[in-house]
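Q: sequence and predicted structure below; questions after.
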Amino acid sequence: MNNRCYLINAPAGSGKTTFIHNKIMEITLAEPKAKILCITYTNRAMNELNERFQYYSNNNLEVYTIHSFVNNFIDIYFKNRKIIDEYFIVYKNEISSIIENQNDEKNLNKISKYKEKYGEKISFEIVKSNVLKIYYNETNFNGYLYGGLSHDELIRFFNIICNKYENILFKLANIYDYIFIDEYQDTPFYVLETFYNALKYSKSKLYLLGDRMQQIYDNNNQEFDRLLRNFNTNINLKYNYRSTDKIVKVLNNIYGNEKYIQESKANDNYIQSKVLCIITDDYESITNEFKDYYKLFLLNSEKYNQIGARTLYSSISSISDYSFNGKYNVSDALNSNIEENKDALFKPMYIINYIVEMYNKNNFGAIIRVIQKYNKIFDIVKINISDFSQIKNLKLYIKKIHDEYYNKDNSISDFLIKIQLLKQEYFDIITQNTEYEQVMNTKISEFVNYVNYIKNSDCSTQHGVKGEGHDNILFVSESSTNPNINIYEFYKLYSKKNICMDDLDMFNKLYLISINKLEEKIGISINKLKKESYDKFYFEINETIQEIYDSLNSYEYFDLIKDKYNIYISKPNVTSLKDFLKKGYFTSILFAYKIFYVGCSRARKNLVVLIKKSNIVDYQKELIKKLEDIGFEVVIK
């Protein structure tokens with residue numbers, strides 16, 4: 001066990017932020033000169049910590065989000081020729097592909113813009129010579145021809161150069177005496193790996209805090225999972241400061257792990273808490289009954305259709321990063337938190353929405369400040385008061401933005417071209433990505449509809465409320481293919497078995513590893529198999545199927561696919577094989593389990609769960625008993 005590395009995995013509401021605050025205070029009192037770094041996953045979490053320390057003057061404490069820390073730390077190296085050369089080693093294939101395929105539709109605009117800036121000749125060496133500094137472009141796009149790093153690649157490149165150049169890793173190790181990383185379960189594994197590797201150069205201590213039950217995105221890495229086994233896990237946060245005793249008991253049962261059983265320390269334990277499950281096919285009328293409840297939906301395509309944003313949803317879904325099995329989902333692109341939104345298009349769109357709101361309030365000072373704050377995105381000359389002979393001209397310009405924003409004839413592209421507020425090079429980043437063409441052609445009114453919906457709605461996505469608490473929660477049970485969440489398969493499993501996240505997660509990983517090995521063996525993914533390719537690899541497939549059965553059939557979760565295995569064995573063909581080996585099957589159940597827990601854990605005083613009666617016909621009796629056993633009152637309507 002490494003006593004300089006601490007892993008604090010604690011359920012929702014257990015005061016992880018309070019622990020960080022108290023631990024930092026404790027360290028500071030004992031070691032006034034200790035340098036402390038705290039990295040959080042979101043701006044919201046960073047601001048919460050900064051607020052806690054706002055009256056405490058300590059120049060030895062630094063609080064960052066992941067991206068702001070990484071950019072701040074490695075920016076000084078971005079002009080170094082060795083680091084620039086490393087950039088061109090790492091991204092050589094991507095850059096060469098653009099240059100060698102200039103006539104591809106997706107590259108035409110990129111090449112044209114590049115030639116406008118640097119001349120007609122273009123080659124890998126010319127591109128390399130023109131890049132004098134690497135930069136973080138603060139979007140989800142890479143500016144490969146210009147040395148631009150996206151959100152994800154900034155983190156990956158940080159890991160690469162830290163581990164290649166020991167002096168950089170040495171510097172990272174010796175700046176700080178204590179390093180805290182919050183929400184470790186959602187932090188890219190190579191960030192955690194970099195800090196872990198840095199410890200060998202110093203006596204620093206590393207604290208990872210989070211809750212794997214609240215990990216929605218699959219950022220796990222088997223190598224780092226092995227490293228985590230060396231961490232000290234003796235620190236337990238056993239008190240829940242958010243929810244009443246009645247809700248905490250339900251959460252303990254859902255969590256299913258005795259190691260993480262909590263005791264309520266909420267201030268509201270004197271109230272009569274409602275913990276209710278309603279089984280009904282009439283979601284609409286039940287939802288209307290609980291008007292003062294904060295409602296948690298998946299916000300699937302049907303929801304977007306109801307709010308007048310169907311094309312917006314489908315166009316964003318067509319982008320690879322937001323598509324089925326993409327890195328993110330549509331809700332991430334449409335995150336209304338400006339600081340947290342990483343999308344190159346929707347981040348400025350939300351800022352413009354804020355500008356329109358400030359115009360309606362006649363607050364031109366706020367407009368100027370927000371434009372100046374985001375000067376990498378907006379053409380500050382357009383909005384600088386010194387460029388206007390009179391305040392009247394400024395008002396006319398903002399009025400134009402306001403009017404075009406509400407012009408239902410405008411597409412998003414029409415709107416941005418007409419107002420000419422975005423910097424040309426930033427606008428080019430968006431337009432050069434052909435995947436955004438459909439989104440840009442969507443009517444701006446759909447974006448306005450969506451903004452109005454979330455502004456006036458008392459609801460959220462079920463994974464969009466991590467870290468939040470609400471007095472009254474209404475959890476609406478829904479399934480989705482994007483994100484891949486099958487809530488009713490989860491309920492079916494839960495009605496028959498006690499579930500522990502660690503066990504289900506381990507089985508899912510073993511299942512996926514088995515499928516991946518088979519795909520590597522035959523050189524083709526299972527979902528792309530046709531009869532011809534199946535026949536070609538028949539013996540290899542069946543040999544591996546037997547290995548999968550031998551290695552997994554002793555696990556209780558295998559029961560969920562045992563019938564599919566038997567069907568394949570009795571009638572082996574490509575259809576029954578695909579039905580047996582579905583990569584997303586256990587993942588969809590695991591994510592549903594986590595979503596159910598996260599949603600329920602948001603409730604402070606009252607919790608109501610809606611379940612569709614027609615979807616649980618085969619196991620309604622068993623599910624009702626299970627829900628009652630874990631602490632719900634069940635009502636059928």
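A: Looks like it arrived, so ask away.
Q: got the contact list for the longest helix along the chain?
A: Taking DSSP state H as the criterion, the chain has its longest helix at helix 501-522. By C-beta atoms under 8 Å, 6 or more residues apart in numbering, the surrounding residues in contact with helix 501-522 are 212-213, 220, 222, 255-257, 525-526, 533, 537, 540-541, 544-545, 547-548, 551-552, 555, 557-558, 581, 583, 586-587, 589-590, 593-594. Glycine gets a C-beta too; all of them are placed from N, C-alpha and C.
Q: tell me the average confidence for that helix?
A: If you average the pLDDT over helix 501-522, you get 93.
Q: helix or strand right after it?
A: Going down the chain from helix 501-522, the next helix or strand is helix 531-536, by DSSP states H and E.
Q: for that next one, packing partners?
A: Identification of packing neighbours for helix 531-536 by 3 or more C-beta pairs under 8 Å, 6 or more residues apart in numbering; DSSP states H and E yields helix 574-580.
Q: distance from the helix it packs on to the middle of the chain?
A: Mean-position distance between helix 574-580 and its chain equals 31 Å (C-alpha atoms, centre = their mean, to the nearest Å).
Q: got it, and stretch 28-43?
A: Centroid separation for stretch 28-43 versus its chain: 25 Å, with C-alpha atoms, centre = their mean.
Q: again, but for stretch 351-359
A: With C-alpha atoms, centre = their mean, you get 26 Å for stretch 351-359.
Q: list the buried residues of that stretch.
A: The neighbour-count check on stretch 351-359 (16 or more other C-beta atoms under 10 Å) flags Ile351, Ile352, Asn353, Ile355, Val356, Met358, Tyr359 as buried.
Q: in stretch 315-322, which residues are buried?
A: Here stretch 315-322 shows Ser315, Ile316, Ser317, Ile319, Asp321, Tyr322 as buried, counting by 16+ other C-beta under 10 Å.
Q: can you check stretch 391-410 too?
A: Result for stretch 391-410 [16+ other C-beta under 10 Å]: buried residues Leu394, Tyr397, Ile398, Ile401, His402, Glu404, Tyr405, Asn410.
Q: could you dump these to TSV with distance to Lys492 and secondary structure?
A: Below are those laid out as TSV (distance: C-beta to C-beta, whole Å; DSSP: H, G, I helix; E, B strand; the rest coil):
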residue	distance to Lys492	secondary structure
Leu394	60	helix
Tyr397	58	helix
Ile398	55	helix
Ile401	51	helix
His402	51	helix
Glu404	50	helix
Tyr405	46	helix
Asn410	47	coil
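Q: widest-spaced pair of the residues you listed?
A: Greatest spatial distance in the buried residues of stretch 391-410: Leu394 and Asn410, 22.0 Å, computed using C-beta to C-beta.
Q: distance between the host helix or strand of Val608 and the chain's centre?
A: Using DSSP H and E, Val608 maps to strand 603-612. For strand 603-612, the separation from the chain centroid amounts to 24 Å (computed by C-alpha atoms, centre = their mean).
Q: ok, residues contacting that strand?
A: 242-244, 247, 250, 266, 268, 271, 273-281, 283, 286-287, 290, 293, 469-477, 488, 491, 600, 623, 632.
Q: equivalent analysis for stretch 66-74, please.
A: Applying C-beta under 8 Å, 6+ apart, the contact partners of stretch 66-74 are 37, 39-41, 46, 62, 64, 136, 151, 154-155, 157-158, 161, 168, 172, 187-188, 191.
Q: spell out the residue ranges of the strands in the stretch 401-550 of the chain.
A: 459-461, 470-476 (DSSP state E, counting those that start in this stretch).
Q: whichever strand or helix holds Tyr354 packs against which elements?
A: Assigned by DSSP H and E, Tyr354 belongs to helix 346-360. Judged by 3+ C-beta pairs under 8 Å, 6+ apart, helix 346-360 is in contact with helix 364-373, helix 391-405, helix 444-456.
Q: would you mind writing the CA trace of that helix as PDB?
A: Extracted in PDB, the C-alpha atoms of helix 346-360 (Å, rounded to 0.1, in the frame of the first residue of the first chain):
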ATOM      1  CA  PHE A 346     -22.900  26.200 -28.700                       C
ATOM      2  CA  LYS A 347     -20.600  27.800 -26.200                       C
ATOM      3  CA  PRO A 348     -20.800  31.100 -28.200                       C
ATOM      4  CA  MET A 349     -24.500  30.600 -28.800                       C
ATOM      5  CA  TYR A 350     -25.200  30.500 -25.100                       C
ATOM      6  CA  ILE A 351     -23.000  33.600 -24.600                       C
ATOM      7  CA  ILE A 352     -25.000  35.400 -27.300                       C
ATOM      8  CA  ASN A 353     -28.200  34.300 -25.600                       C
ATOM      9  CA  TYR A 354     -26.800  36.000 -22.500                       C
ATOM     10  CA  ILE A 355     -26.100  39.100 -24.500                       C
ATOM     11  CA  VAL A 356     -29.700  39.200 -25.700                       C
ATOM     12  CA  GLU A 357     -31.000  38.800 -22.100                       C
ATOM     13  CA  MET A 358     -28.800  41.700 -21.000                       C
ATOM     14  CA  TYR A 359     -30.000  43.800 -23.900                       C
ATOM     15  CA  ASN A 360     -33.600  43.200 -22.700                       C
END
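Q: now the angle from that helix to helix 391-405?
A: 120 degrees (axes from the mean of the first three to the mean of the last three C-alpha atoms, to 10 degrees).
Q: poorly predicted segments of the protein, please.
A: 1, 55-58, 216-224, 299-303, 324-327, 382-390, 457-467, 482 (pLDDT under 70).
Q: give the buried residues for the longest helix of the chain.
A: Neighbour counts over helix 501-522 (16+ other C-beta under 10 Å) mark 501, 503-505, 507-512, 514-515, 518-519, 522 as buried.
Q: ditto for stretch 612-627
A: Neighbour-count burial for stretch 612-627, counted by 16+ other C-beta under 10 Å, picks out Lys612, Asn615, Ile616, Tyr619, Gln620, Leu623, Ile624, Lys626, Leu627.
Q: and the contacts of stretch 262-281?
A: Counting by C-beta under 8 Å, 6+ apart, residues outside stretch 262-281 touching it are 11, 13-14, 238-248, 250-252, 286, 604-614, 616, 620, 624, 627, 631-637.
Q: now the buried members of the residues you listed.
A: 11, 13-14, 239-244, 246-248, 250-252, 286, 604-612, 616, 620, 624, 627, 631-632, 634.
Q: so which of these sit within helices?
A: Using DSSP H, Lys246, Ile247, Val248, Val250, Leu251, Asn252, Ile286, Gln620, Ile624, Leu627 are the members of the buried ones among the contacts of stretch 262-281 that sit in helices.
Q: re the thing from before, is it possible to export the strands of the stretch 401-550 of the chain to a markdown table including mean neighbour count and distance to Tyr77?
A: Converted to a markdown table, the strands of the stretch 401-550 of the chain look like this (neighbours: other C-beta atoms under 10 Å; distance: least, C-beta to C-beta, whole Å):
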| stretch | mean neighbour count | distance to Tyr77 |
| --- | --- | --- |
| strand 459-461 | 20 | 38 |
| strand 470-476 | 22 | 44 |
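Q: just send those back as a markdown table, with distance to Asp182 too.
A: Output for the strands of the stretch 401-550 of the chain, formatted as a markdown table (distance: least, C-beta to C-beta, whole Å):
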| stretch | distance to Asp182 |
| --- | --- |
| strand 459-461 | 21 |
| strand 470-476 | 21 |
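Q: any idea how far Asn50 is from Val330?
A: As judged by C-beta to C-beta, to the nearest Å, Val330 and Asn50 stand 30 Å apart.
Q: these two: who's more crowded?
A: Remark: of Val330 and Asn50, Val330 carries more neighbours, 24 against 13, as counted by other C-beta atoms under 10 Å.
Q: could I get the phi/psi values of the more buried one?
A: Here is the backbone geometry of Val330 (degrees, to the nearest 10): phi -60, psi -40.
Q: excluding sequence neighbours, find me the nearest residue to it.
A: Ile316 (4.8 Å; C-beta to C-beta, 6 or more residues apart in numbering).
Q: over to Glu86?
A: Of all residues not flanking Glu86 in the chain, Ile161 sits nearest, at 6.0 Å (C-beta to C-beta, 6+ apart).
Q: my read is that that neighbour contacts Asn80, right?
A: No. Look at Ile161 against Asn80 with C-beta atoms under 8 Å: they stay out of range, at 9.4 Å.
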